[in-house]
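Trainee: Show me how the following folds:
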Amino acid sequence: MGTLHPESLDFYLTPEHECSYLPEQQAMTLFADPSINIGTELYSELIVSGFRRSGTHVYRPRCPMCDACIPIRLPVDAFTLSRSQRRLWKRNSDISIQIKPSEYSHEHFKLYQRYISQRHAGGGMDNPDPEKYSEFLINPYIEASFVEFRLEGKLLGVAIVDRLVNALSAVYTFFEPAAGSRGLGIFAILWQINEAQRLKLDHLYLGYWIKSCQKMDYKGKFRPFETLREGHWHLNEN
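Mentor: Coordinates of the predicted model:
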């Protein structure tokens, strides 16, 4: 089989289903052909068009009556720390960071269980088991890492990060609920920005920004950022 490109893929649109982010809305999702093992190079092209991955499934929202899910990415060389982000970065200077392979870890899974039960109870991800956890986060066809955040050896957080051709993609972050005052979700993004700069990459992809969803609104606090509208990326500096 020759090199695959997005235009050579088949795509499938789901029936309407309950929206994960806006409870009053019905959603539809466009999936790339699930029989194709989409690797790093092909995914690097798809993410530019607003796609994301969940495990090995590559998708994007395609809702006929709603466009609230806006793809967002950060041009890392232009990024500037806000005053609060600078304080948070300094507050977590005692955190040690280790980059691990994209594979199942029982220590990670137990932390994920605690995080979901306290941070996202009733959100459709309750009572995860190791198989569902692995299906959600692990993709053997894409270059990815599980980045550990530890304090004196204790695991406080994990960020799943995809390495793309010229970017990083923030897949998911979970952390110790008792350490909420550290702002580890924000800290993980700041670390990924720093890592993308170190690797001389262009962007960090943050998935979808939803202004009306409190849990997703934080993504707009990293400045400047770019959003995908009508097939083109637009810079937002204000």
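Trainee: What ranges does the chain have for its strands?
Mentor: Assigned by DSSP state E, the strands in the chain fall at 11-13, 17-18, 26-27, 29-32, 52-54, 57-61, 70-75, 96-101, 144-151, 154-163, 167-175, 203-209, 225-229, 232-236.
Trainee: what's the lowest-mean-pLDDT helix or strand in the chain packed up against?
Mentor: Across the helices and strands of the chain, mean pLDDT, DSSP states H and E gives its lowest value to helix 214-217, namely a mean of 84. Judged by 3 or more Cβ pairs under 8 Å, 6 or more residues apart in numbering; DSSP states H and E, the packing partners of helix 214-217 are strand 203-209. The way it works is simple: take the backbone N, C-alpha and C, and place the C-beta from them, glycine included.
Trainee: Relative to the strand it packs on, what are the paired strands and their orientations?
Mentor: If you go by DSSP bridges, strand 203-209 pairs up with strand 70-75 (antiparallel), strand 167-175 (parallel).
Trainee: contact partners of the longest one?
Mentor: It refers to strand 167-175. Applying Cβ atoms under 8 Å, 6 or more residues apart in numbering, the contact partners of strand 167-175 are 44, 47, 52-53, 73, 111-112, 115-116, 119, 136-137, 144, 149, 156-162, 182, 184-185, 188-189, 192, 195-196, 199, 201-207.
Trainee: Narrow these to those that are buried.
Mentor: Using 16 or more other Cβ atoms under 10 Å as the burial test, those include 44, 47, 52-53, 73, 111-112, 115-116, 136-137, 144, 149, 156-162, 182, 184-185, 188-189, 192, 195-196, 201, 203-207 as buried.
Trainee: pLDDT (mean, whole number) over stretch 79-92?
Mentor: Averaging pLDDT along stretch 79-92 yields 98.
Trainee: Pull out the buried positions in that stretch.
Mentor: Neighbour-count burial for stretch 79-92, counted by 16+ other Cβ under 10 Å, picks out 79, 85, 88-89, 92.
Trainee: Turn the residues you listed into TSV, columns for distance to residue 221.
Mentor: Converted to TSV, those look like this (distance: Cβ to Cβ, whole Å):
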residue	distance to residue 221
79	12
85	8
88	11
89	14
92	17
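Trainee: quick one, what contacts residue 158?
Mentor: Neighbouring residues of residue 158 by Cβ under 8 Å, 6+ apart: 108, 111-112, 146-149, 173-175.
Trainee: So the protein: which segments form each domain?
Mentor: 6-69, 72-236 (automatic domain parsing).
Trainee: Looking at the buried residues of stretch 79-92, which is nearest residue 34?
Mentor: Within the buried residues of stretch 79-92, the smallest distance to residue 34 is 34.5 Å, found for residue 79 (Cβ to Cβ).
Trainee: hmm, back to that, list only buried entries from the contacts of residue 158.
Mentor: Burial by neighbour count, judged by 16+ other Cβ under 10 Å, picks out 108, 111-112, 146-149, 173-175 from these.
Trainee: what about this protein, any weak spots by pLDDT?
Mentor: Low-confidence segments of the chain (pLDDT under 70): 1-2, 120-127.
Trainee: middle-most residue in it, spatially?
Mentor: Among the residues of the chain, the one closest to the centroid is residue 171, at 2.7 Å (Cα atoms, centre = their mean).
Trainee: how far away is it from residue 46?
Mentor: 14 Å (Cβ to Cβ, to the nearest Å).
Trainee: cool, residue 100 as well?
Mentor: Counting by Cβ to Cβ - residue 100 and residue 46 are separated by 25 Å.
Trainee: quick one: which of the two has more around it?
Mentor: Taking other Cβ atoms under 10 Å, residue 100 and residue 46 do not tie; residue 46 has more neighbours (20 against 12).
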